[in-house]
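Novice: the sequence isn't on hand, but the structure is:
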């Protein structure tokens, strides 16, 4: 006897729904359990005092500073390159072998695992160029890591600007570059900002690429040549070396809140961008 | 004058556009420069198939790590792929629109959870659970596979869901008009049409799982031996690099870079397959 299709459908949908619920439950559980154990540790002192005794006591101030400075430096380097690439691909050339090659390179770079970035950054920036474990070496390594994200999101944002805008600008006698600067980029800005936020989120959460290039000094960085420790690295060291479970949870809570805030902002910007475009 | 400045802009942008491919080339060149001489000197066969990793006595066989990476990745796919694809199908075909509009971004948001956090919870929650209920050391292949399986869920769901969403509605309508139920139209028509995209999502997720480092170090146990059961402690290729890079010098450091070269090659192969699958999808629709 065949099972009636209506019943197979009911079974299938129930199973699929259960899988979806399980996925959501696991992911939400991870966030809730970290916040649940970590938030009680987090207070003013935890955020704004220096760690003592390798992080066993005291706060996370230097790692907070590192977590702000490192992504900023990476962006400073990667953003012009990423947006420049996107402008070139969309405004200055036609689809050709060259553009396919450029996109292929960006796609491959996007797939490179972070430990490889760490190895490369270590041998190239830290050892060969003599930067040592430093903010600069870490920033350069992360810049390469986020480049593909910036290229892709900027390209999509620029492509979404209606052609009529460009035509009007050209008809008023503007050159290509004037059109890009005054018409295309302002209209693509929300999309580009989305890419920026996603890149910052990726930098904040990164560990493997950072630990081998920026090092793990707990001192306050005073120059770009100083080693810094980000929150992710701090958390990893606290947890892995069993230094302090309590402070590890606290750091994880701050880390998760930062990443989620950044990603939520990105998402919100993207939605506004889409809403604006469809108006 | 104006003509000239336009030209300068054009060439500046052209140079910038090669930044990504130049970075990739630089990475490849330096990995090879550091790793290839070692492989040639030590012997590719001995390096890939040797089962003893003892840097202090000059033995650099990474076979146990290759086996561990394969098992951990396959295990992760066994967990992540069905759950992820099921989630994507449910969200696109059966969930009410408003629910989809909340759940999909939530899952994509969760893609941002740093991998160290996954690793930490693996240590705190999953490993003790496995130790108590299944035995063994707890920090093991199974734990690593489960953690990685969860970590790749957002990747699989997000890309599969895009592939399923890209199937034209007329396909579904055609199936329904022939008297198929929604489920029949989903698995006979929609899934077939979205197949390439779904496969691409799984292969991309495999790439992420093979390349993941910190979470795996925390939960896999890191013993260098060929695993005989899912409850054995294992060390993956990535873990091997990250664990020993801090203090390795000379031959030992070159051996770690050579491990990186092997990893790089594996990932590039996986990503090429994924992008070929994606292209086929685009070519078809």
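Specialist: Great, that's in hand. From a predicted model like this one, the values you see are computed outputs, not experimental measurements.
Novice: under the pLDDT cut-off, which ranges of the chain? List them.
Specialist: In the absence of a named chain, chain A is used. For chain A, the stretches flagged by pLDDT under 70 are A:1, A:279.
Novice: let's do chain B instead
Specialist: B:1-3, B:281-285.
Novice: centroid residue for it?
Specialist: Residue closest to the mean C-alpha point of chain B, counted by C-alpha atoms, centre = their mean, is residue B:208 at 1.8 Å.
Novice: how about the contacts made by residue 153?
Specialist: Defaulting to chain A. The contact partners of residue A:153, by C-beta atoms under 8 Å, 6 or more residues apart in numbering or on different chains, come to A:191, A:192, A:194, A:195, A:198. C-beta: built from backbone N, CA, C; applies to glycine.
Novice: look at chain B instead
Specialist: A:23, A:26, A:27, B:80, B:83, B:84, B:87, B:107.
Novice: how about those in CSV, adding neighbour count and secondary structure?
Specialist: CSV is the format used below for the contacts of residue B:153 (neighbours: other C-beta atoms under 10 Å in any protein chain shown; DSSP: H, G, I helix; E, B strand; the rest coil):
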residue, neighbour count, secondary structure
A:23, 26, helix
A:26, 16, helix
A:27, 20, helix
B:80, 28, helix
B:83, 22, helix
B:84, 31, helix
B:87, 29, helix
B:107, 24, helix
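Novice: which stretches of the stretch 51-200 of chain B form strands?
Specialist: Remark: strands assigned in the stretch 51-200 of chain B by DSSP state E, counting those that start in this stretch are B:53-54, B:59-60.
Novice: deepest in the core, which of those strands is it.
Specialist: Sort those by mean neighbour count, taking mean count of other C-beta atoms under 10 Å in any protein chain shown, and strand B:59-60 sits at the top with a mean of 18.
Novice: neighbouring contacts of that one?
Specialist: B:38, B:42, B:46, B:47, B:50, B:52, B:53, B:251, B:255, B:258.
Novice: and for stretch B:35-46?
Specialist: With contact meaning C-beta under 8 Å, 6+ apart, stretch B:35-46 is reached by B:47, B:60, B:61, B:251, B:254, B:255, B:257, B:258, B:259, B:260, B:261.
Novice: let's see that with 7 Å instead.
Specialist: With contact meaning C-beta atoms under 7 Å, 6 or more residues apart in numbering or on different chains, stretch B:35-46 is reached by B:47, B:60, B:61, B:254, B:255, B:257, B:258, B:260, B:261.
Novice: and the residue of chain A closest to chain B?
Specialist: Here chain A gets closest to chain B at one residue, residue A:113, 2.5 Å apart by C-beta to the nearest C-beta.
Novice: please enumerate the strands of chain A.
Specialist: Applying DSSP state E to chain A gives strands spanning A:51-52, A:57-58.
Novice: centre of the chain to the last one, how far?
Specialist: Using C-alpha atoms, centre = their mean, to the nearest Å, we find the averaged C-alpha position of strand A:57-58 to lie 29 Å away from the chain's own average C-alpha position.
Novice: within its sheet, name the partner strands of it and how each one runs.
Specialist: Using DSSP bridges, the strands paired with strand A:57-58 are strand A:51-52 (antiparallel).
Novice: residues near the closest residue to residue A:224 other than its chain neighbours, how many?
Specialist: Using C-beta to C-beta, 6 or more residues apart in numbering or on different chains and skipping residues adjacent in sequence, the residue nearest residue A:224 is residue A:136, 4.4 Å away. By other C-beta atoms under 10 Å in any protein chain shown, the residues close to residue A:136 number 21.
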